[in-house]
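K.L.:
only geometry, no sequence info:
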């Protein structure tokens, strides 16, 4: 699962540093290439339509289908070389991730005892930072020596490797969700949504995910522009700063493997939320100390956010055991919606070019999320 998910995450993360190369390869403007990224959000926004498939037909089967779709996306991307084929490929990448992630977390919920899920989730979530720390340098090497298509071609092979490993090495899990029965799929989806959204704990989870993501994304969406404006950083220096962010994410994920189960999932999420609020409030003050202080603030933000998020995921696996994949697909939609809102809010706030304003709004989101989560969600022990 770690190998397969790292591969899927590489496709999501390498776009940002190599967007100019992609634009040149497709013969389009940078603005047009950036709009391709939004097509990946299609997967997140329609994830609830896909999540029930893993509940109905089995986690492993859906994970294999997602990896096959991922390989197909790579084939379209590497073989096309035009804007329309790139648009199709990015949409397929988004759909593959929207299929794979809910099935993955549902599988963990089925197979791993609750007392150990924080450790297992932390290990799996290392695939996010690993995709940045390993995937970005490797992609840069491939682009420099073999052209812009090379990373996407390599991802085809890696996706098929993940598919083979999933098929051969992943034990089948008993299906815990509803049986297909005679109802149409859309009817089953609507019935499952209605059941989940009637549960207060599910609403609290979705709102916590939304607010937690908003809290980090509103300031982070402009962190490159902020560092460039405030400290005159070059592109290479911004790349180094991004490496620091990846290391902070990895540290938080490793910390979750050790701390979350011992401290308790709910306490760990609260620690992450409160730490995020505190680091955001401290960011303007730290930035007055110079570049080192500013980067220290960014590191504290990413550590807090990632630790809180990784601790929230294992807790969520036990909120609706009979519909785990459906619940995680709703959560994926909540986080995708949050990123869209953050891009709009963060971009609008940046007209004043004040990181204090961005950080203040983010801190307010984290604090509201803390109160909502503390009062509205009880951990199943």
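P.N.:
Received the coordinates, thanks. Note that the coordinates shown come from a computational prediction; the quantities given were computed from them, not determined experimentally.

K.L.:
quick one, helices of the stretch 251-381 of the chain?
P.N.:
265-287, 291-316, 324-349, 355-376 (DSSP state H, counting those that start in this stretch).

K.L.:
I'd like to know which elements the first one is packed against.
P.N.:
Same thing as helix 265-287. helix 117-133, helix 200-220, helix 235-263, helix 291-316, helix 355-376 (3 or more C-beta pairs under 8 Å, 6 or more residues apart in numbering; DSSP states H and E). Every residue, glycine included, has its C-beta placed from N, CA and C.

K.L.:
What mean pLDDT does that helix get?
P.N.:
In this model, helix 265-287 has an average pLDDT of 97.

K.L.:
buried residues in that helix?
P.N.:
265-266, 268-284, 286-287 (16 or more other C-beta atoms under 10 Å).

K.L.:
With stretch 144-160 instead?
P.N.:
148, 149, 150, 151, 152, 153, 154, 155, 156, 158, 159, 160.

K.L.:
now, which of these lie within helices?
P.N.:
Mapping the buried residues of stretch 144-160 onto helices (DSSP state H) picks out 150, 151, 152, 153, 154, 155, 156, 158, 159, 160.

K.L.:
picking up where we left off before, nearest approach to residue 29 belongs to which of the helices and strands packed on helix 265-287?
P.N.:
Closest approach to residue 29 among the helices and strands packed on helix 265-287 is made by helix 235-263 (18.2 Å; C-beta to C-beta).

K.L.:
Nearest to residue 359 among the buried residues of stretch 144-160?
P.N.:
Distance ranking of the buried residues of stretch 144-160 against residue 359, using C-beta to C-beta, places residue 151 first at 33.8 Å.

K.L.:
how near is that closest one to residue 13?
P.N.:
11 Å (C-beta to C-beta, to the nearest Å).

K.L.:
picking up where we left off before, looking at the helices and strands packed on helix 265-287, which one has the lowest mean pLDDT?
P.N.:
Among the helices and strands packed on helix 265-287, helix 235-263 scores lowest, with a mean of 87.

K.L.:
What is it packed up against?
P.N.:
Counting by 3+ C-beta pairs under 8 Å, 6+ apart, helix 235-263 packs on helix 117-133, helix 223-231, helix 265-287, helix 291-316.

K.L.:
want to try TSV for these, with distance to residue 166 as columns?
P.N.:
Listed next are the helices and strands packed on helix 235-263 as TSV, based on distance: least, C-beta to C-beta, whole Å:
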stretch	distance to residue 166
helix 117-133	13
helix 223-231	35
helix 265-287	27
helix 291-316	20
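
K.L.:
Select, out of these, the one closest to residue 34.
P.N.:
helix 223-231 (13.0 Å).

K.L.:
Name the residues of the closest one that come out as buried.
P.N.:
Buried residues in helix 223-231 (16+ other C-beta under 10 Å): 223, 226, 227.

K.L.:
for stretch 48-62, same thing?
P.N.:
For stretch 48-62, by 16+ other C-beta under 10 Å, it's 48, 50-62.

K.L.:
so who does the residue nearest to the spatial centre of the chain touch?
P.N.:
Computing the C-alpha centroid of the chain and ranking residues by C-alpha atoms, centre = their mean puts residue 128 first, at 7.4 Å. For residue 128, the contact set (C-beta atoms under 8 Å, 6 or more residues apart in numbering) comprises 9, 13, 249, 253.

K.L.:
quick one: which of these is nearest to residue 194?
P.N.:
Looking across the contacts of residue 128 and measuring by C-beta to C-beta, the closest to residue 194 is residue 9, at 32.0 Å.

K.L.:
Just give the closest residue to the closest one, not the sequence neighbours.
P.N.:
residue 131 (3.6 Å; C-beta to C-beta, 6 or more residues apart in numbering).

K.L.:
Residue 272 now?
P.N.:
residue 308 (2.1 Å).

K.L.:
how much space is there between the one you found and residue 369?
P.N.:
9 Å.

K.L.:
Name the residues contacting each of these two.
P.N.:
212, 273.

K.L.:
can you put the buried residues of stretch 144-160 in JSON lines and add pLDDT and distance to residue 34?
P.N.:
Converted to JSON lines, the buried residues of stretch 144-160 look like this (pLDDT from 0 to 100; distance: C-beta to C-beta, whole Å):
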{"residue": "148", "pLDDT": "93", "distance to residue 34": "16"}
{"residue": "149", "pLDDT": "95", "distance to residue 34": "19"}
{"residue": "150", "pLDDT": "95", "distance to residue 34": "21"}
{"residue": "151", "pLDDT": "94", "distance to residue 34": "18"}
{"residue": "152", "pLDDT": "96", "distance to residue 34": "17"}
{"residue": "153", "pLDDT": "96", "distance to residue 34": "23"}
{"residue": "154", "pLDDT": "97", "distance to residue 34": "23"}
{"residue": "155", "pLDDT": "97", "distance to residue 34": "20"}
{"residue": "156", "pLDDT": "97", "distance to residue 34": "24"}
{"residue": "158", "pLDDT": "97", "distance to residue 34": "25"}
{"residue": "159", "pLDDT": "97", "distance to residue 34": "24"}
{"residue": "160", "pLDDT": "97", "distance to residue 34": "29"}
